[in-house]
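Colleague: Fold the stuff below for me.
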Amino acid sequence: MKTNWIVGGIIALFFIFSGCQKSDDNPDPNGEIDKMEDLVISDNFNFRTTQEVTFRVAVSQNDNALKNAPVDIYNKPPQEQGELLLSGSTNENGIYNTVYPVPTYYEEVFVKVNQLGLPNQKRVAIEGSQVDVTFGTPARKAPTTKQTITPKAADFEYPVTYLGTFDSEGVPDYLVEDDEVGQDFMDDLNNTLPEAVPLSESHPEYLDQENEQDLILDEMAEVWVTFVHEGAALKNTLGFYTYEVGNPPSSVSDIDSLTIIFPNVSYEGDGGGLETGNKVKLGVFDANTAIGWALIANGWSAGQVNDRTTFYSNEDFNPEDDPQLRQHTVLLNDPMRERFIIGFEDLQRDVWSDEDFNDAVFYATTNPYEATNTDNVPNIDNDDPDVDGDGVPNDQDDFPNDPDRAYKNNYEGSLAYEDLWPGKGDYDFNDIVVDYHLEQVTNSSNEVTAINGRFILKAFGAAHHNGFGFEMNVNPSQIASVEGTAVNSDYINLAGNGLEANQQNAVVIVFDDAYDILDSPGGGIGVNTEPDAPYVEPDTINISIDFNTPEAITSLQTPPYNPFIISDKRRGYEIHLPDREPTDLIDSDLLGDLHDDSNPAENRYFKTQENLPWGINIAEPFDYPVEKVEILNAHLKFAEWAQSGGTAFPDWYKDEPGYRNDDNIYPIPE
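Modeller: Numbers count the residues shown, from 1 in each chain. Next comes the predicted model:
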């Protein structure tokens, strides 16, 4: 219902003088567009800084779908300080499928499958709004003829020999019949050397200085080495050397010779040609012989083995200054299968290393097994790897003792609003500024069982007493309880489970009055928007939401769900992000009133006639404008981003050269 012009004028004046009384006189220092209302915005643009990406990760081993394979997705590799975005596990068809909002400027992600025995990490481009990637080892193929490479000499500190020739991918021509590496062994190995978990956390006893790292033969024996796994970005080389028991080499230069076992420790399709189970015979060795190990980090290049940084089973030969960090090898006994597992860490541990000691994994077998000395060789961990029985290994389970919870999926960003709707705002987007960190807890079937929220009220540049909440795409009966909210006013009615009452969907009111969260110090409008006014430390509201029954993660709207503010304790005045539907408790007469150009028949909401919004969701913590400054005069690429429909400068909110006028951004005191 439209008001007449007299009533409309009175209401407009009321908003101007009772809300944020601010000036529009803020020329742009670059001489470009300095008024939001001068922007030319597409009708379809919704000011989103994220896009919802559908992830599909398929995992198989020997052409068999791998169930419950843990999957982690990062914005970039962990060794590049990548941030973990989300975690889950594959279903009975070996598929992990979910939807996650990522910043629109992302072009790729880094996907890891935390499962030994197959290639497990890939950079994957975001194509459109899809990430589709397959991990697996193919079924064994018939041998093919490849070019045989004759090894060339390289400048090492000691003689280097080879067990034979190899092909152009570094696969030995001297492989013997492959071992069949069973899933039960791989399960034990994953439990023993869990991916991306420091060994000091999972099995600190394996790093005991008294443990043996070389293979000690008390009797004459035949020895083989079998390739099991590599989880490294480097193309490593494995070798061995021997010495008489009790008389080890005192330095690298004292090694008699290094014999290359696997020139290129890389999977087929991942920079090499090895398959799990590939096996090499080292030879027959006399009693009282010790076999030491050497991994040449990135030793394979240009079709040959090269002299590079080498890590030895004799930790005194390794480069770290700290003796506690020199160990790069673990030797473990598997008495049930009569094998000796050899695990390597292939990066210098005082520079960067994930410390999981599974970058290259092999096992040695001896005939007879009893010929090998097992003193000071710890056993592998074949205890129950899944205490709560949910199918997720303990080391990959964020809740190892709770069968209803397995993974934490984290989402964070900032929400910034104008509070004069349906009248126009002044576009400084600081009337309410809330940072959020939402943690969706999922079970082994990737269903949501709980949500934990951390909301930080950073600022409000308003005289209005505004509230904040969000709506989820789930029936209120699905929610068992909501705890931790800050609701004290009688204009909000809560149901017994903590949700807002009389709503068709589940609605959580996080707080009902910003002035109850942060005390205004006076000397300006609101809190933390005027540099000359006293600074108030932001406050945090922690909430927890428990579900009665699990909800499919793909059916639940992605965080931050449907967030909104409530203007000045008037329940019908709720202000949403552009094109987000209001809740059942909005005053529908306000839609299309004053400057609002909402049209529910066209699913158009919370935009002016010029397509300007009252709220924005920023994909990262937001440095907001000071009072009385329009956002485009603080973030100088905002205008180009908005007018381009989001294609230009999708990272406009970042602190990059030429992106900001720092004088117009609220400074957080040191």
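Colleague: tally of neighbours for P198?
Modeller: Neighbour count of P198, defined by other C-beta atoms under 10 Å: 16. For glycine as for every other residue, the C-beta is placed from the backbone atoms N, C-alpha and C.
Colleague: Could you count how many residues lie near V124?
Modeller: 16.
Colleague: Verify the assumption that it is located in a strand.
Modeller: Yes - under DSSP: H, G, I helix; E, B strand; the rest coil, V124 sits within a strand.
Colleague: excluding its backbone neighbours, what's nearest it?
Modeller: Counting by C-beta to C-beta, 6 or more residues apart in numbering, V124 lies nearest to V133, which is 4.7 Å off, once chain neighbours are set aside.
Colleague: which secondary structure element contains that neighbour?
Modeller: Using DSSP states H and E, V133 sits within strand 130-137.
Colleague: Quick check, D651 in contact with P103.
Modeller: Yes - D651 lies in contact with P103 (C-beta atoms under 8 Å); the separation is 7.2 Å.
Colleague: Tell me where this protein has helices.
Modeller: If DSSP state H is used as the criterion, the helices of the chain fall at 5-18, 183-192, 199-202, 514-517, 638-643.
Colleague: Identify the spatial nearest neighbour of the residue most central in space within the chain, chain neighbours not counted.
Modeller: Central residue of the chain (C-alpha atoms, centre = their mean): L84, 1.6 Å from the mean position. Spatial nearest neighbour of L84, excluding adjacent residues (C-beta to C-beta, 6+ apart): Y74 at 5.6 Å.
Colleague: Bridged to I456, which residues?
Modeller: I456 has these beta-bridge partners by DSSP bridges: D435, T540.
Colleague: contacting residues around it?
Modeller: Residues touching I456, when contacts are defined by C-beta atoms under 8 Å, 6 or more residues apart in numbering, comprise V434, D435, Y436, P538, D539, T540, I541.
Colleague: contacting residues around the third one?
Modeller: Pointing back at Y436 there. Y436 makes contacts with Y411, E412, G413, S414, L415, G453, R454, F455, I456, P559, P560, P563, as judged by C-beta under 8 Å, 6+ apart.
Colleague: from those residues, which would you call buried?
Modeller: Buried by 16 or more other C-beta atoms under 10 Å: Y411, E412, G413, S414, L415, G453, F455, I456, P559, P560, P563, out of those.
Colleague: Quick check: the farthest pair among those residues?
Modeller: The most widely separated members of the buried ones among the contacts of Y436, counting by C-beta to C-beta, are I456 and P559 (15.1 Å).
Colleague: On the strand side of things, show who the residue nearest to V124 bridges to.
Modeller: V57.
Colleague: Check the burial of it by counting its neighbours.
Modeller: Residues lying near V133 (other C-beta under 10 Å) number 19.
Colleague: Tell me who's in contact with it.
Modeller: V133 makes contact with R56, V57, A58, V111, K122, V124 under the criterion C-beta under 8 Å, 6+ apart.
Colleague: contacting residues for the last one?
Modeller: In this case it means V124. Residues near V124 by C-beta under 8 Å, 6+ apart: E108, V109, F110, V111, V131, D132, V133.
Colleague: which non-adjacent residue is nearest the first one?
Modeller: The spatially closest residue to E108, leaving aside those adjacent along the chain, is A125, at 5.0 Å (C-beta to C-beta, 6+ apart).
Colleague: which residues touch that neighbour?
Modeller: Residues near A125 by C-beta under 8 Å, 6+ apart: E107, E108, V131.
Colleague: what's the closest of these to G484?
Modeller: Using C-beta to C-beta, the contacts of A125 come closest to G484 at V131, 33.6 Å.
Colleague: pretty sure the closest one contacts Y106?
Modeller: No - using C-beta under 8 Å, V131 is not in contact with Y106, being 10.0 Å away.
Colleague: can you pull the contacts of the closest residue to D132 other than its chain neighbours?
Modeller: Leaving aside its sequence neighbours, D132 sits nearest to R56 (C-beta to C-beta, 6+ apart; 4.8 Å). By C-beta under 8 Å, 6+ apart, R56 lies in contact with I95, Y96, N97, Q130, V131, D132, V133.
Colleague: S644 and F45: what is the separation?
Modeller: Using C-beta to C-beta, to the nearest Å, S644 is found at 9 Å from F45.
Colleague: let me fix that: K607
Modeller: Distance from K607 to F45, by C-beta to C-beta: 9 Å.
Colleague: One more: P400?
Modeller: 45 Å.
Colleague: List the residues that contact the residue lying closest to T310 once chain neighbours are set aside.
Modeller: Nearest non-adjacent residue to T310, counting by C-beta to C-beta, 6+ apart: I296, 4.9 Å away. For I296, the contacting residues are N236, T237, L238, G239, V305, N306, D307, R308, T309, T310, by C-beta under 8 Å, 6+ apart.
Colleague: What pLDDT is listed against I296?
Modeller: We note a pLDDT of 96 for I296 in this prediction.
Colleague: do the same with the one 5 residues further on
Modeller: Confidence at S301, expressed as pLDDT, is 91.
Colleague: out of everything not next to it in sequence, what's closest to it?
Modeller: The nearest residue in space to S301 (C-beta to C-beta, 6+ apart) is K235, at 6.7 Å.
Colleague: Correct me if wrong: that neighbour contacts G299.
Modeller: Yes - contact criterion C-beta under 8 Å: K235 and G299 qualify, at 7.3 Å.
Colleague: Let me know the distance separating the residue lying closest to V507 once chain neighbours are set aside from A406.
Modeller: The shortest distance from V507 to any non-neighbouring residue, by C-beta to C-beta, 6+ apart, is to E500 (4.2 Å). To A406, E500 is 30 Å away according to C-beta to C-beta.
Colleague: what does L189 give?
Modeller: Distance, L189 to A406, by C-beta to C-beta: 21 Å.
Colleague: what do you get for N314?
Modeller: Distance, N314 to A406, using C-beta to C-beta: 40 Å.
Colleague: In terms of packing, which of those two has more residues around it?
Modeller: Between N314 and A406, A406 has the larger neighbour count (other C-beta under 10 Å), namely 28 against 25.
Colleague: Now do the same for the more buried one: its pLDDT.
Modeller: Per-residue pLDDT puts A406 at 94.
Colleague: now the strands for the stretch 501-650 of the chain?
Modeller: 506-511, 539-552, 562-566, 574-576, 615-618 (DSSP state E, counting those that start in this stretch).
Colleague: Can you mark which positions in the second one are buried?
Modeller: Right, the one you point to is strand 539-552. Buried residues in strand 539-552, counted by 16+ other C-beta under 10 Å: D539, I541, I543, S544, I545, D546, F547, P550, E551.
Colleague: re the thing from before, farthest pair in the contacts of V133?
Modeller: R56 and K122 (13.2 Å).
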